[in-house]
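Asker: 3D model of this:
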Amino acid sequence: MAKETQIDLSLIIVSWNVRDLLQDCVNSIIVGRGHLNVEVVIVDSASSDGSPQMVQDEFPQDRFPWIHLIACDNNVGFPKGNNIGLKTAVGRHILLLNPDTIVLGAALPQMVNYMDANPDIGVLGPQLLNPDKSVQSSRRRFPTMATAFFESSWLEPYAPAKLLQTYYAEDIADDAVADVDWVMGAAMLVPAHVVTQIGGMDEAYFMYSEELDWCRRIKDAGWRVVYYPEAKIIHYTGKSSEQAVTARHVNFQRAKLRYFRKYNGRFSAFILRLFLLCNYLWQIIVEGIKWLFGHKRPLRCQRIRAYWQVVKSGLPPAGY
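Answerer: Okay, the predicted model is just below:
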C-alpha cells in the first residue's frame, strides 16, 4: 500500500461575498505554494455573490483535488467558520487566511520553514502590506483598560502617545522578527498540535477580537507569538465587514466588551460598556448639530441612524 503523502500546510479561508478577491487569493496560493504539499479549505458563509459557484468553476476537483469547498447555509461568522475548517484540516500547520489577501513570493514556504525551525512558536504572523505595498500595522501587545477607552474610539486622537505606541508595538521595526502578544487574524500560522492542545476560536465573538483571544490563550499556555516580516502578504482590509456598517459597529464593540469581561472581569466590562454607549450618544448629538447647519445632511442622517441602532442594541458583551 502506498504511503499517504503528508500535508505540510492547510489553509483555511472563511469567505463572505468577496468572490473576485477570493479568486485572486486562491490563485496566489496556487502560484506561491512552492514545494509545500498544501490543502485549501474554503468555508463560504452563505455568500450571495456567486462565490461557491466560482470556486467550483475556477478550481474544479479534477484539476485541484486539494481545494475543498464547504458551503454554509447561513453566515456563521469568522470564528465559527474557522472552527469548521479546523475540523477538516489535516496539515501539520494551519494558516488562517482572509479571502481579501494576496500571498507574495515564497511567503508560504518561508513561514512553514521558520515554524519548523522554531518548535516553541505557537502563532506566526507574516508582514501584512497595503495594496500599495506600504506596511500595514499587524502586530500588537495585549490591550489594557486604558487602551480600551482610547483605541478605535473617537478619543483616539487625544490618547497619550506612549499608550498607543506600546499597544501597536511601534518600538519594533517593521522589518524585525520579534515576539509580540498577538497578530492580526488576516494571516495566522499555527501548528496543528497547538490547535489540538488549545482548541479552536471562541465562537461567541462572531467577528473582531477573536484572534486577540486565541493568541492570548495560546500564549498563556506557554507558546510564543512571533511577528515574521520575511514573509509578506497583501491585505485589502475590511472588504467583508464594510458591507454592513451598523453590524460592524455592534460586532466590534460587543467583541471588545467580551474580551474585557473575560479577562478583566464583569465590573471592568460594565464601565467600558457605559463609556461606549455614552460615546455613541455624544456622536449622535454631534451629527445632529452638523445636520442642523446643513453640512452633508444625507451622510449625517446615515450616521445618526447607524449610531442609534448601536445604542438601541445596548451593547451587551458578545456571548453574554
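Asker: Which parts of the stretch 201-320 of the chain are helices?
Answerer: Counting by DSSP state H, counting those that start in this stretch, residue ranges of the helices within the stretch 201-320 of the chain are 210-220, 245-264, 266-292, 297-313.
Asker: Which residues in stretch 273-287 does the neighbour count mark as buried?
Answerer: Across stretch 273-287, burial judged by 16 or more other CB atoms under 10 Å covers 273, 276-277, 279-280, 283-284, 287. In this view, the C-beta of every residue, glycine as well, is placed from N, C-alpha and C.
Asker: got the contact list for it?
Answerer: 149, 153-155, 253, 256-257, 300, 303-304, 307-308, 310-311, 314-317 (CB atoms under 8 Å, 6 or more residues apart in numbering).
Asker: Tell me how far the residue nearest in space to the middle of the chain lies from residue 263.
Answerer: In the chain, the centroid-proximal residue (CA atoms, centre = their mean) is residue 185; its distance is 3.2 Å. From residue 185 across to residue 263, the span is 18 Å (CB to CB, to the nearest Å).
Asker: again, but for residue 297
Answerer: For residue 297 relative to residue 263 (CB to CB), the value is 42 Å.
Asker: Kindly report the same for residue 217.
Answerer: According to CB to CB, residue 217 and residue 263 sit 10 Å apart.
Asker: what about the nearest residue to residue 37 once chain neighbours are set aside, how many neighbours?
Answerer: Computed as CB to CB, 6 or more residues apart in numbering, the closest residue to residue 37 that is not its neighbour in sequence is residue 8, at 4.9 Å. Neighbour count for residue 8, taken as other CB atoms under 10 Å: 20.
Asker: just use 24 as the starting number from now, easier for me
Answerer: Right, with 24 as the first residue, what we last looked at is residue 31.
Asker: Show the contacting residues for residue 31.
Answerer: Taking CB under 8 Å, 6+ apart as the test, what residue 31 contacts is 59-61, 114-116, 135.
Asker: the helices in the stretch 24-173 of the chain, which residues?
Answerer: Remark: helices assigned in the stretch 24-173 of the chain by DSSP H, counting those that start in this stretch are 42-55, 74-81, 101-111, 130-140, 168-173.
Asker: helices and strands around the fourth one, which ones?
Answerer: Translated: helix 130-140. Here helix 130-140 touches helix 42-55, strand 116-120, strand 144-152, strand 210-214, strand 247-258, going by 3 or more CB pairs under 8 Å, 6 or more residues apart in numbering; DSSP states H and E.
Asker: Dump the ones you listed into CSV; add mean pLDDT as well.
Answerer: Compiled in CSV, the helices and strands packed on helix 130-140 are given as follows (pLDDT from 0 to 100):
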stretch, mean pLDDT
helix 42-55, 97
strand 116-120, 98
strand 144-152, 98
strand 210-214, 98
strand 247-258, 98
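Asker: how close does the residue nearest to the centre of the chain sit to residue 287?
Answerer: With distances taken as CB to CB, residue 208 is found 21 Å from residue 287.
Asker: What of residue 212?
Answerer: From residue 212 over to residue 287 (counting by CB to CB), the distance is 28 Å.
Asker: quick one: which of the two has more around it?
Answerer: Neighbour count, other CB under 10 Å: between residue 212 and residue 287, residue 212 has more, with 26 against 16.
Asker: how close does the residue nearest to that one when sequence neighbours are not counted get to residue 215?
Answerer: Using CB to CB, 6+ apart and skipping residues adjacent in sequence, the residue nearest residue 212 is residue 147, 4.2 Å away. Going from residue 147 to residue 215 by CB to CB gives 13 Å.
Asker: Kindly report the same for residue 174.
Answerer: Distance from residue 174 to residue 215, counting by CB to CB: 32 Å.
Asker: Check residue 250 too.
Answerer: Applying CB to CB to residue 250 and residue 215 gives a distance of 21 Å.
Asker: quick one: which of these two has more around it?
Answerer: Comparing residue 250 with residue 215 by other CB under 10 Å, the one with more neighbours is residue 250, at 24 against 17.
Asker: Report the contact partners of the more buried one.
Answerer: Counted by CB under 8 Å, 6+ apart, residue 250 has contacts 148, 150, 161-162, 192, 195, 199-203, 206.
Asker: How many residues are close by the nearest residue to it once chain neighbours are set aside?
Answerer: Leaving aside its sequence neighbours, residue 250 sits nearest to residue 162 (CB to CB, 6+ apart; 4.2 Å). When neighbours are counted by other CB under 10 Å, residue 162 registers 25.
Asker: From what I see, residue 162 and residue 193 are in contact.
Answerer: No. At 9.4 Å, residue 162 does not count as touching residue 193 under the criterion of CB atoms under 8 Å.
Asker: show me where pLDDT drops low in the stretch 24-173 of the chain?
Answerer: The stretch 24-173 of the chain contains residues with pLDDT under 70 at 24-27.
Asker: Determine how far stretch 140-153 lies from the middle of the whole chain.
Answerer: Mean C-alpha position of stretch 140-153 versus that of the full chain (CA atoms, centre = their mean, to the nearest Å) differs by 14 Å.
Asker: Much appreciated, bye for now.
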